[in-house]
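Enquirer: Task: produce atomic coordinates for the following.
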Amino acid sequence: MTALKLVDAPSHKLWGGRFAGDTAPALDAVNRSIGVDFRLWPFDVRLSKAWAIALWSAGVVSVEESLALEHGLDAVANRLRAGEQPVASDEDVHTLIDRLLHDEVGDVASKLHTGRSRNDQVATATRLWSMDACATLDTAVRDLQRVMLAHAESLAAANVLMPAYTHMQRAQPVSAAHWMLSHFWPLDRDRARLGAAGRAAAVLPLGSGAVAGCAFPISRVLLQGSLGFAQLSPNSIDAVSDRDFVAELLFTLSMLAIHLSRLAEDLIIYGTSEFGFVQFGDSFTTGSSMMPQKRNPDALELARGSGGRLLGDLTSLLATLKGLPSGYNKDLQDDKRALFDAVDTMLLVLPGVAGALAECTFRADRMKSALASSMMATDLADYLVGKGATFREAHGAVGALVRQSEEAGVELHALPLKAFKAAHARFGADVFDALSAVASVERRETEGGTGTAAVRAQIAAAKVALS
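Expert: Residues are numbered from 1 along each chain as shown. Coordinates of the predicted model:
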């Protein structure tokens, strides 16, 4: 967010009658949150308009006063949308809007704060902002998933195979589309968590006052409906201090960042000369100021680095919440710093990853050349099981063959038939069919497996998930 430029102007405080002197400049500096919470202004205006209507419905203000407040708030929104900036004495976004509303409608603006507190006001605005952020983030995640799905369909159509890895060692052959989709489904879980975080935020605190509730007959149900909340907060003390929804969103974004980091790590590794499975494009890579040959996957590396930053935001909030007594405490002012940073970071990273992945080219030839018959060791064991051996017996026999091939410096398929028969009597002349990578993949047609039909079903399920 662009830094705000504060200008000097007469002070406009929402409190201070019981104080004889001015606050210390050092306190003003640490207490002022306008530089962070300024971005809440559209939501604060929105909830304030709903509050003006609720005050009229409760008989606290006349219909003319309510309409004046609504029109004044629209004028305030227009000024802020046009670039109006806070002044030095604006403590927070609520003070800013109250000051501008007084400019627009005069003394009737002083009636707007009747029955409410900045405690329930900021909780409501933050929840509205979070609900909006969840919807925006969901769209960005879906955009990345569409890129993944397009690659998966292309790789599946070309029947591209590649090694899968465990412990960063070549394990078994898989469809390259299957590997691509292995990164699609974690993002699908992230979208589910985003939906849950949005629902957690959709609990209305407005009407809870500072801590004890509102003394006027405000219709919270009316407020709930007009602002689009799913539920009412059941307890005013809890309502003004509840930041569980922020923690849940930060956890969701931390998991999302971790999943992006793992995708980025795979692509970075596969894009090295040593692997060569992936060729990066020009638009989302950079060069070296010294080495002309370099193509650096900066977008992916920055995505990988974001995981630590978002984990820090989550940890910061949880550590703050851990030590708080019930009711509102000013420590909660920092919740938005962590929340905004995490959302802003993800809304930068997600398009970067989507763009970088979209222009990646997958090298089917390099993937195929990385396949080796030793990766079909499990298939050899399965072969023996099919001939009547126990799996443990088969595992030992195949392990001995692998050791023999390593000592001879050849792949399994290069061993003579007599070596197989020496390892286990049930090996026959058809054993070499079990060393085919294509056959290995095709044998794994269980739901969620890497077989051709299973991957087609997985692609169909992915399309449904995005529909």
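
Enquirer: Low-confidence stretches in the chain?
Expert: Along the chain, segments meeting pLDDT under 70 span 1-11, 14-21.

Enquirer: which residue ranges form the strands in the stretch 201-350 of the chain?
Expert: Under the criterion DSSP state E, counting those that start in this stretch, strands of the stretch 201-350 of the chain are mapped to 203-204, 231-232, 278-279.

Enquirer: Determine which stretch of those is the most buried.
Expert: strand 203-204 (a mean of 23; mean count of other C-beta atoms under 10 Å). In this view, the C-beta of every residue, glycine as well, is placed from N, C-alpha and C.

Enquirer: ok, it: who's next to it in the sheet?
Expert: According to DSSP bridges, strand 203-204 forms sheet pairs with strand 231-232 (parallel).

Enquirer: just checking, residue 377 is part of a strand?
Expert: No: under DSSP: H, G, I helix; E, B strand; the rest coil, residue 377 falls outside any strand and is assigned helix.

Enquirer: mind starting the numbering at 36 from now?
Expert: With the count now opening at 36, the last piece we talked about shows up as residue 412.

Enquirer: Next, format the strands of the stretch 236-385 of the chain as JSON lines and append distance to residue 448.
Expert: JSON lines is the format used below for the strands of the stretch 236-385 of the chain (distance: least, C-beta to C-beta, whole Å):
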{"stretch": "strand 238-239", "distance to residue 448": "63"}
{"stretch": "strand 266-267", "distance to residue 448": "63"}
{"stretch": "strand 313-314", "distance to residue 448": "27"}
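
Enquirer: Could you report the distance from residue 117 to residue 446?
Expert: Separation of residue 117 from residue 446 (C-beta to C-beta, to the nearest Å) stands at 71 Å.

Enquirer: returning to what we had before: and the strands of the stretch 236-385 of the chain: which comes nearest residue 76?
Expert: strand 238-239 (19.2 Å; C-beta to C-beta).

Enquirer: CA atoms only: put stretch 334-350 into CSV for me.
Expert: Only the C-alpha atoms of stretch 334-350 are listed here, as CSV (Å, rounded to 0.1, in the frame of the first residue of the first chain):
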residue,chain,number,x,y,z
ALA,A,334,8.8,-15.3,-9.4
LEU,A,335,9.0,-18.9,-8.1
GLU,A,336,11.7,-18.1,-5.7
LEU,A,337,9.8,-15.2,-4.3
ALA,A,338,6.8,-17.5,-3.9
ARG,A,339,8.9,-20.0,-2.1
GLY,A,340,10.1,-17.2,0.2
SER,A,341,6.6,-16.0,1.0
GLY,A,342,5.9,-19.0,3.1
GLY,A,343,8.1,-17.9,5.9
ARG,A,344,6.7,-14.4,5.8
LEU,A,345,3.1,-15.6,6.2
LEU,A,346,4.0,-18.0,8.9
GLY,A,347,5.5,-15.0,10.7
ASP,A,348,2.2,-13.1,10.3
LEU,A,349,0.2,-16.0,11.8
THR,A,350,2.7,-16.5,14.6
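
Enquirer: Contacts for that stretch next, please.
Expert: 282, 285-286, 288-289, 291-293, 295-296, 298-300, 302-303, 319-320, 373-374, 376-377, 380-381, 384, 387-388, 390-391 (C-beta atoms under 8 Å, 6 or more residues apart in numbering).

Enquirer: PyMOL command to pick out the buried ones of these?
Expert: Only the buried entries of these go into this PyMOL selection, using 16 or more other C-beta atoms under 10 Å:
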select buried, resi 282+285+286+288+289+291+292+293+295+296+298+299+302+303+319+320+373+374+376+377+380+381+384+387+388+390+391
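
Enquirer: how deep is residue 95 tucked in, by neighbour count?
Expert: 17 (other C-beta atoms under 10 Å).

Enquirer: what about it, which helix or strand?
Expert: Secondary structure assignment for residue 95, by DSSP states H and E: no helix or strand.

Enquirer: So it sits against residue 151, correct?
Expert: No: taking contacts as C-beta atoms under 8 Å, residue 95 lies outside contact range of residue 151: 10.9 Å.

Enquirer: part of a helix, is residue 205?
Expert: No: Residue 205: not assigned to a helix; according to three-state DSSP it is strand.

Enquirer: what bridges to it?
Expert: residue 200.

Enquirer: Let me see the contact set for it.
Expert: Here residue 205 is in contact with 198, 199, 405, 407, 409, 410 (C-beta under 8 Å, 6+ apart).

Enquirer: Residue 453: which of those residues is nearest?
Expert: residue 409 (19.0 Å).

Enquirer: What count of nearby residues applies to the closest one?
Expert: Applying other C-beta under 10 Å, we find 17 other residues in the vicinity of residue 409.

Enquirer: how near is residue 298 to residue 385?
Expert: 11 Å.

Enquirer: How about residue 340?
Expert: 14 Å.

Enquirer: Give me the more crowded residue out of those two.
Expert: Neighbours were counted for residue 340 and for residue 385 using other C-beta under 10 Å; residue 385 has more, 23 against 14.

Enquirer: Where does the residue nearest to the more buried one when sequence neighbours are not counted fall, secondary structure wise?
Expert: Excluding the flanking residues, the one nearest residue 385 by C-beta to C-beta, 6 or more residues apart in numbering is residue 175, at 4.1 Å. Using DSSP H and E, residue 175 maps to helix 153-192.

Enquirer: what packs against that helix?
Expert: Counting contacts by 3 or more C-beta pairs under 8 Å, 6 or more residues apart in numbering; DSSP states H and E, helix 153-192 packs against helix 76-92, helix 128-140, helix 211-236, strand 238-239, helix 271-276, helix 279-305, helix 370-393, helix 487-501.

Enquirer: Now render the ones you listed as TSV, adding distance to residue 451.
Expert: Putting the helices and strands packed on helix 153-192 into TSV (distance: least, C-beta to C-beta, whole Å) gives the following:
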stretch	distance to residue 451
helix 76-92	75
helix 128-140	79
helix 211-236	33
strand 238-239	72
helix 271-276	75
helix 279-305	35
helix 370-393	45
helix 487-501	32
